[in-house]
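Undergrad: Dropping a prediction and its sequence here:
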Amino acid sequence: MPSPPFCLRFLVIAAFVLLSSGCGPSKPPAHSPQPAQNEHSAAPAKEAGSASPETAPGQDDPNRTCRDERAIGDSERNRSACFHLQPGATTTKVVKQQVPGKTAKAGKTATSSTKKGQKTVAKAPATAVTKVVQTTGRCQPQSLIYARCRTGFMTCRLGDTSPVQWFACAKKNGSTSSTPVVGSVVVLDVNTRRGMPTGHPAYVEAVKKNQDGTWSLRISHTNYDRKCHLDQDATVLFDTKRMTASFATGPWSTWAKDLKALGFILR
């Protein structure tokens, strides 16, 4: 059996070990405050109901976009890059063609092959004629080309696609909406009276919902004058119930009222 002094030494050593290992009370660490969440972080944006690629087409959310903010920002920076007026090239060629000669009437004859007093017609020989023909090609950018450049939407490329054909294809693919969306393309329907036999597209720069349920759009489009010029930031009043667009500013503001619209291409 160990002697008492040995036990005393053992207790002293054990107490020292416990104290050195942190078993004694310690000062609590200073509290580090949690960093405030960024307003652009994913979670708060989702709670606030901001746009996401999965937002259903047609939802009345004025902040909803069909592309991410970076793509829209790129489009804003590329406003000038997508437009560089290029008049159509004029080609000249010489064309030779045979033009029938004028016919001449002969006098009265009385031969065994014709009836007495009948007039006969004499045909003149054809004449070779040389013509100079000038042909002017289409100017650039056409309205659809500009809309594709601004949006980056390269879907439904069906050759020389018209705006109404593009919209029909996009609608079939589920990529259209009847509600204005920032970064989309609004497509006006065919209007032969106004010289739009294939419809007309415009890029949607911004949207704002009005108290009466209509929308104020800011749009940019080219070839509004059939000379490929650019009209930027025109104000358009869009009625979702009637699906009509009325220009309040820009070159079309004097006549473009209640134009029938097909809707908006999203991607």
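TA: Yep, it's here.
Undergrad: Tell me which residues touch A128, please.
TA: Residues counted as contacts of A128 (C-beta atoms under 8 Å, 6 or more residues apart in numbering) are 96-99. All C-beta spots, glycine's among them, are computed from the backbone N, C-alpha and C.
Undergrad: likewise P100?
TA: 124, 126-127 are the contacts of P100 under C-beta under 8 Å, 6+ apart.
Undergrad: try 10 Å this time
TA: P100 makes contacts with 123-127, as judged by C-beta atoms under 10 Å, 6 or more residues apart in numbering.
Undergrad: Likewise for T198?
TA: Residues counted as contacts of T198 (C-beta under 10 Å, 6+ apart) are 143-144, 160-166, 190-192.
Undergrad: are any of those buried, and which?
TA: Among the contacts of T198, the ones that count as buried by 16 or more other C-beta atoms under 10 Å are 143-144, 161-166, 190.
Undergrad: Between the residues you listed, which sits nearest Q232?
TA: Minimum distance to Q232 across the buried ones among the contacts of T198 is 13.2 Å, recorded for S143 (C-beta to C-beta).
Undergrad: OK, contacts around the closest one?
TA: Counting by C-beta under 10 Å, 6+ apart, S143 makes contact with 163, 185, 188, 196, 198-203, 221-224, 226, 228, 230.
Undergrad: ok, back up a step: pull the most distant pair out of the contacts of T198.
TA: Using C-beta to C-beta, the pair of the contacts of T198 lying farthest apart is D160 and N191, separated by 19.7 Å.
Undergrad: List only those of the contacts of S143 flagged as buried.
TA: Among those, those classed as buried by 16+ other C-beta under 10 Å are 163, 185, 188, 196, 198-203, 221-224, 228, 230.
Undergrad: Please flag which of those residues sit within strands.
TA: Taking DSSP state E, the ones among the buried ones among the contacts of S143 that sit in strands are 185, 188, 200-203, 221-222, 230.
Undergrad: for K93, which residues make a bridge with it?
TA: Going by DSSP bridges, K93 is paired in beta bridges with V133.
Undergrad: Verify the stated contact: it with T130.
TA: No - in terms of C-beta atoms under 10 Å, K93 does not count as a neighbour of T130; the distance is 11.1 Å.
Undergrad: Which parts of this protein are helices?
TA: Counting by DSSP state H, residue ranges of the helices within the chain are 4-20, 42-47, 69-77, 143-151, 163-172.
Undergrad: Report the residue spans of the stretch 151-267 of the chain with pLDDT below the cut-off.
TA: For the stretch 151-267 of the chain, no stretch is flagged by pLDDT under 70.
Undergrad: go with 90
TA: The stretch 151-267 of the chain contains residues with pLDDT under 90 at 152, 154, 157-161, 194-195, 267.
Undergrad: Also the stretch 1-150 of the chain?
TA: The model of the stretch 1-150 of the chain has pLDDT under 90 over residues 1-81, 88-138.
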